[in-house]
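Student: The following block contains a protein sequence and its predicted model.
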Amino acid sequence: MEAEYTVIRCTRLKCGKFSYCKTKQKTKKCPYCGRVVKLNKIKPIPAKTTVHARRLVQEFNRKLGELTEPGWYKPEETTDIN
């Protein structure tokens, strides 16, 4: 059975998040940053169903979040009170 959906990664360096689309599409607009990704220029990851594609996207984005902190996140400065 041929894959009906593909998981792609945004080509913008600051974004780099994953999303999915139908295999027959030529372009996909990133739902996070709005960049239009040309699907013939990237290596897609095949997925058979929307459920499979969604799970892959969730897993990839969760692992990506573990590697980098979001741009808006600023850790609180802790002060040691002795």
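Tutor: All right, it came through fine.
Student: rest of the way, CA atoms for contacts and neighbours
Tutor: Fine.
Student: How many neighbouring residues does residue 34 have?
Tutor: 12 (other CA atoms under 10 Å).
Student: With the one 5 residues further on instead?
Tutor: Counted with other CA under 10 Å, the neighbours of residue 39 add up to 18.
Student: And residue 14, by the same measure?
Tutor: For residue 14, the number of neighbouring residues by other CA under 10 Å comes to 10.
Student: what's the pLDDT at it?
Tutor: The confidence metric pLDDT takes the value 87 at residue 14.
Student: In terms of helices and strands, where is it?
Tutor: Secondary structure from DSSP states H and E places residue 14 outside every helix and strand.
Student: And the strands in this structure?
Tutor: Taking DSSP state E, the strands of the chain run over residues 5-9, 18-22, 27-29, 36-38, 45-47.
Student: which stretch among those strands comes nearest residue 63?
Tutor: Distance to residue 63, taken as CA to CA, is lowest for strand 18-22 among the strands of the chain, at 10.8 Å.
Student: Any buried residues in the closest one, and which?
Tutor: Neighbour-count burial for strand 18-22, counted by 16 or more other CA atoms under 10 Å, picks out 18-22.
Student: What is the nearest of the residues you listed to residue 61?
Tutor: Of all the buried residues of strand 18-22, residue 61 sits closest to residue 18, with 6.1 Å by CA to CA.
Student: pLDDT below threshold where in this structure?
Tutor: Within the chain, the stretches falling below the threshold (pLDDT under 70) are 1, 67-82.
Student: tell me the centre residue of it?
Tutor: The geometric centre of the chain, computed from its C-alpha atoms, lies nearest to residue 18 (CA atoms, centre = their mean), at 1.4 Å.
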